[in-house]
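[1] Build me a structure from this.
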Amino acid sequence: MKHVKTLVLLAAVVAIGLGLWFWWQHEKVYPSTDDAYLRANILTISPQVAGQIASVGVSENQHVSAGDVLFQIDTAELDAEFEAAQAEYELARQNAGALVSNLSAAEARLQSAQAALTEAQIAFDRTSKLRALGDISQASLDQATAARDQAQAAVEASQSAVDAARKQAGVPGDDNAAVRAALAKLTLARINLERSRVVAPVSGWIANIDLRPGALVTENAPLFSLVEDSAWWIDANFKETDLDRVRPGQPVEIAIDMYPGLSLTGKVESIGAGSGAVFSLLPAQNATGNWVKVTQRFPVRIRLDAEPGDAALQLRVGASTTVTVDTSSVDAK
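    Model prediction:
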């Protein structure tokens, strides 16, 4: 009887040892962790113009599609700014037109002065030849010279007037400083008017909204969040001792705590470049006499292959999950 008890005890010890060995081998090939959480892109919705909320088109946890109107800001003030900018632009174009007319007149006067200079030069040349022959007096030559010099001065004055008029008019084309400034102001007023209507940049779920008509909002102030529904992943924190076989592209089995029995699949996308302690607000300082070695955890990003087929099983950011990585591909190499 004593020998039987001894054999049974030895058999139990061997069975436990074999069980632990097989469990250790399984955990080595299929490392897992329950320190893993579901993630998605979260966009912060903020208005780009200030004003009073005229209407709100969404509510908490509502699903929206890209382009759906989230809320509308009252446009009374923005409409007035747009009309003022449009009037300023039209006035600037009118002023630019008047400057162009002045330029045309100055160019016409320049052409007339150039024609008068040509005639004065011809008269001077003819008078010079006659004076050389002694047919006319010196006074006639002096008179022709004075007329030519006056015509030359008139051309120079007209050219200066043309240059000044051309600079004011902003020639060529619409290259007028006042017109360009007014056009830029009009464009900005139009953009601000369009920004009063805030739409969803992507499809997803509204979260953390507390917005009502009549509320005053400021430019770029965060109002609520939009959880995008197109890309989901899991941030799993593995022990550093479990990462020697983990590689990007390996298949992963995923269990979500909020949906017992649901099993999803994914793939390892990347392994973090540093442990969570390194990027914490207050990193641990181990250069002390009280140092105790603690196994570090590194974040592993896992991309889901697909969402649950049942529409009622909505994925939610921050949900606890358990992931198991299949590293058997390492042995096949």
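[2] Map the structural domains onto the sequence of the protein.
    Listed by automatic domain parsing, the domain ranges of the chain are 31-40+231-332, 47-73+196-221, 77-192.
[3] Quick check: mean pLDDT of the helix or strand that contains residue 124?
    Assigned by DSSP states H and E, residue 124 belongs to helix 76-133. The average pLDDT for helix 76-133 rounds to 77.
[4] pLDDT (mean, whole number) over the following helix or strand past it?
    Per DSSP H and E, helix 76-133 leads on to helix 138-169 as the next helix or strand towards the C-terminus. Helix 138-169 carries an average pLDDT of 74.
[5] what angle do the helix holding residue 124 and helix 138-169 make?
    Angle of helix 76-133 versus helix 138-169, following axes from the mean of the first three to the mean of the last three CA atoms, to 10 degrees, is 160 degrees.
[6] Show me how far helix 76-133 is from its chain's centre.
    47 Å (CA atoms, centre = their mean, to the nearest Å).
[7] Check which helices and strands that helix sits against.
    Packing partners of helix 76-133 (3 or more CB pairs under 8 Å, 6 or more residues apart in numbering; DSSP states H and E): helix 138-169, helix 177-195. From N, CA and C alone the C-beta is placed, and that goes for glycine too.
[8] Residue 49: which of those helices is closest?
    Residue 49 lies closest to helix 177-195 among those, at 4.9 Å (CB to CB).
[9] Check which helices and strands the next helix-or-strand element following the closest one is in contact with.
    Remark: after helix 177-195, the chain's next helix or strand is strand 197-199, criterion DSSP H and E. The elements that strand 197-199 packs onto, with contact taken as 3+ CB pairs under 8 Å, 6+ apart, are strand 69-73.
[10] State the mean pLDDT of the strand it packs on.
    Averaged across strand 69-73, pLDDT comes to 96.
[11] And for that strand, what's in contact with it?
    Strand 69-73 is contacted by residues 45, 47, 49, 51-58, 64, 196-200, 206, 211, 217 when judged by CB atoms under 8 Å, 6 or more residues apart in numbering.
[12] what sits against residue 326?
    So residue 326 contacts 29, 30, 250, 251, 252, 253 (CB under 8 Å, 6+ apart).
[13] switch to 10 Å and redo it
    By CB atoms under 10 Å, 6 or more residues apart in numbering, the contact list for residue 326 reads 29, 30, 31, 245, 250, 251, 252, 253, 265, 267, 268.
[14] can you list these in a markdown table and add neighbour count, distance to residue 147 and pLDDT?
    Formatted as a markdown table, the contacts of residue 326 follow (neighbours: other CB atoms under 10 Å; distance: CB to CB, whole Å; pLDDT from 0 to 100):
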| residue | neighbour count | distance to residue 147 | pLDDT |
| --- | --- | --- | --- |
| 29 | 14 | 110 | 78 |
| 30 | 15 | 109 | 85 |
| 31 | 22 | 106 | 89 |
| 245 | 17 | 104 | 87 |
| 250 | 18 | 99 | 92 |
| 251 | 16 | 101 | 93 |
| 252 | 24 | 100 | 94 |
| 253 | 15 | 105 | 94 |
| 265 | 13 | 101 | 92 |
| 267 | 16 | 95 | 94 |
| 268 | 21 | 96 | 94 |
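[15] ok, which pair from the residues you listed is furthest apart?
    Pairwise across the contacts of residue 326, and taking CB to CB, the largest span is found between 245 and 265, at 18.7 Å.
[16] want to try CSV for the domains of the chain, with distance to residue 13 as columns?
    Below are those laid out as CSV (distance: least, CB to CB, whole Å):
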stretch, distance to residue 13
domain 31-40+231-332, 26
domain 47-73+196-221, 55
domain 77-192, 78
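[17] What is the neighbour count of residue 234?
    Neighbour count for residue 234, taken as other CB atoms under 10 Å: 24.
[18] Can you tell me the centre-most residue of this structure?
    Nearest to the mean C-alpha position of the chain, by CA atoms, centre = their mean, lies residue 201 at 11.7 Å.
[19] Alright, calling it a day.
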